[in-house]
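> sequence and predicted structure below; questions after.
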Amino acid sequence: MQQLDLGLPTSFNAMHHFTEVKALFFKNYLILATSFPVSCWWLKGLWQKRRLFILITPCYYLLSLGVVVLTLMVTNFNKFFVTFHRLLFANDDWLFDPKLDPIINALPASYFLAAFSLFILLVFISLVGIIGIARYQLKHP
């Protein structure tokens, strides 16, 4: 499939935005595909050397940052969403007009809030898991 066919009328700007989002996802997958094996190898080495404790402080910092982001997101999701898009995209193609781009009606703010929340939850679970394993390793040498 070379072209995205939504079965709905879509403006050029919306199609351009979808293309940009697809490119960002592809870059993310590429980074994940290369960094995940290296990270697993590194974590395995730390585990075997019983040195996971060096990750406890960085994990707490990342959790704190996550709490700040989550607070900003929950207190004013619209502002968070706009700031997120201004940081990631060099244009306003992400601003959809429901008359020209009815797909936006299928993707309300609550959808994006849920997606962001799920991502943050998965990161939190990972960080807490690393902290828990590292603390266990410290207590049981």
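Yes, it's here. Quantities reported herein were computed from a predicted structural model and do not represent experimental measurements.

> from here on, just use CA atoms for contacts and neighbour counts.
Fine.

> which elements pack onto the worst-scoring helix or strand of the chain on mean pLDDT?
Lowest on mean pLDDT, DSSP states H and E among the helices and strands of the chain sits helix 103-106, with a mean of 88. When contacts are defined as 3 or more CA pairs under 8 Å, 6 or more residues apart in numbering; DSSP states H and E, helix 103-106 packs onto no helix or strand at all.

> any buried residues in that helix, and which?
Buried residues in helix 103-106, counted by 16 or more other CA atoms under 10 Å: Ile103.

> Thr16 and Leu95 touch, don't they?
Just so we're on the same page, residue 16 is His rather than Thr. No. The criterion here is CA atoms under 8 Å, and His16 misses it with Leu95 at 11.4 Å.

> quick one: the helix or strand following the least confident helix or strand of the chain to chain centroid distance?
Going down the chain from helix 103-106, the next helix or strand is helix 109-139, by DSSP states H and E. Remark: helix 109-139 is offset 12 Å from the chain centroid, using CA atoms, centre = their mean, to the nearest Å.

> then stretch 77-90?
13 Å.

> quick check: pLDDT value at the spatially most central residue of the chain.
Against the mean C-alpha coordinate of the chain, by CA atoms, centre = their mean, the closest residue is Phe119 at 5.2 Å. In this prediction, Phe119 carries a pLDDT score of 95.

> for Ile31, see how far away it is.
For Phe119, the distance to Ile31 equals 17 Å [CA to CA, to the nearest Å].

> fine by me, we can end here.
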